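J.: A structural model of the following input is requested.
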Amino acid sequence: MRSQKIPVFILEEHNEAYYVWTECVQNGMLPVANNVLYHIDEHGDMGVPRFNKSINCVNAAKQREVRAFTHEEIGIGSFIMPAMYKGIFSSIYWFKVQHKATKRDHLMYVRTYNADGLKLLSGPVTEEIKKASEIDHDLKIFDFHLNNINEMPETELSIALDIDLDYFSCSGNPVELYEISIEITKAEYEKFHSTPYHQSKFLGFKSNVYESDGKYHLILNDYKHTYPDLYPFTLKVDRELISERIAEVTRKLKQSKVVPKVITICRSRFSGFTPDDQWEFIESSLLKELGSLYELDVHLTAGLEVA
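T.: All right, here's what the predicted structure looks like:
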């Protein structure tokens, strides 16, 4: 399994995988279509985004343009669907420590509203969708599989291996753990107190405002009681279990004869999903284990300028 160097891209947050995959296609590291995504993550990241700039107007050959679009338009939980829409992948396997769903295999579609490239739409494939896909080039159909790590299949198709460090240990939901606050004007602060219908109260979070040292702030998640470990009781684990999970992943990669074309590794530390006191240990341990399987060519893409 060490016959060729495999490029490894270290990401800070997971939306950056989109521009890495796009650039890999442009540079010939990935075929232009029909790749398989092995997504090893505590989260599915299958959100369906909407954009202010059409994804169809982004020139894939211009790296700076793709990177700007990624950072400005794609979220950390909604970067896979754009890649599916652009045809980079024809199937995805989401590997989680323990899936609870009974239906593990899905045939899904993704398209955009009126083919405008602005609002993505997705759902299960029906006979009507299958028929429409024969003439609608905006509509893409793909396989979506929910697998535990010991269910990793073999495939002859080109694989992009995508790993989030929070698979091995996760802080929980950052909205529960960390206060999200932005500075606002005094007028907006007074407006919040003058009406029970302030627009921030309609966002789905418990918002509030406060004043400190003459500055005014809007808190988007003002919860006095937090519940970081509701399910599955605890997501953050100790180093021993982290090491066991890393060994299990590399063991299954070897058993399934997986030789990825590219590997992306997401830290998820700024978003708060990977524990701040563990991400470096997880990353170094994972790279060491992957290095026992493959000859790695590691690239640090985290935090690159896009402006």
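J.: What ranges does the stretch 51-200 of the chain have for its strands?
T.: According to DSSP state E, counting those that start in this stretch, the stretch 51-200 of the chain carries its strands in the segments 89-96, 105-112, 120-124, 140-148, 159-164, 181-184.
J.: From those strands, pick the one with the highest average neighbour count.
T.: Most buried of the strands of the stretch 51-200 of the chain, by mean neighbour count (mean count of other Cβ atoms under 10 Å): strand 159-164, with a mean of 25. To be clear about C-beta, it is placed using only N, CA and C from the backbone, and glycine gets the same treatment.
J.: Show me where the stretch 101-250 of the chain dips below the pLDDT cut-off.
T.: For the stretch 101-250 of the chain, the stretches with pLDDT under 70 are 226-233.
J.: those helices in it, which residues are they?
T.: Taking DSSP state H, counting those that start in this stretch to define them, one finds helices in the stretch 101-250 of the chain at 127-133, 174-177, 186-194, 239-255.
J.: These into a markdown table, with extra columns for mean neighbour count and distance to residue 214?
T.: Shown next, in a markdown table, are these (neighbours: other Cβ atoms under 10 Å; distance: least, Cβ to Cβ, whole Å):
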| stretch | mean neighbour count | distance to residue 214 |
| --- | --- | --- |
| helix 127-133 | 12 | 57 |
| helix 174-177 | 15 | 28 |
| helix 186-194 | 13 | 9 |
| helix 239-255 | 16 | 45 |
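J.: closest one to residue 10 among those?
T.: helix 239-255 (15.7 Å; Cβ to Cβ).
J.: one step back: need the helices of the stretch 101-250 of the chain in TSV with distance to residue 221, can you?
T.: Putting the helices of the stretch 101-250 of the chain into TSV (distance: least, Cβ to Cβ, whole Å) gives the following:
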stretch	distance to residue 221
helix 127-133	37
helix 174-177	5
helix 186-194	15
helix 239-255	28
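J.: wait, which of those is closest to residue 149?
T.: Of these, the one closest to residue 149 (Cβ to Cβ) turns out to be helix 239-255, at 5.5 Å.
J.: For residue 209, which of the strands of the stretch 51-200 of the chain is the nearest?
T.: That would be strand 181-184 among the strands of the stretch 51-200 of the chain, by Cβ to Cβ, at 7.1 Å.
J.: now what about the closest one, what contacts it?
T.: By Cβ atoms under 8 Å, 6 or more residues apart in numbering, the list of residues contacting strand 181-184 from outside reads 209, 215, 216, 217, 218, 219, 220.
J.: please redo it, this time with the cut-off set to 6 Å
T.: Residues outside strand 181-184 that contact it (Cβ atoms under 6 Å, 6 or more residues apart in numbering) are 215, 216, 217, 218, 219.
J.: closest to residue 159 among those residues?
T.: Of all the contacts of strand 181-184, residue 219 has the smallest distance to residue 159: 42.7 Å, by Cβ to Cβ.
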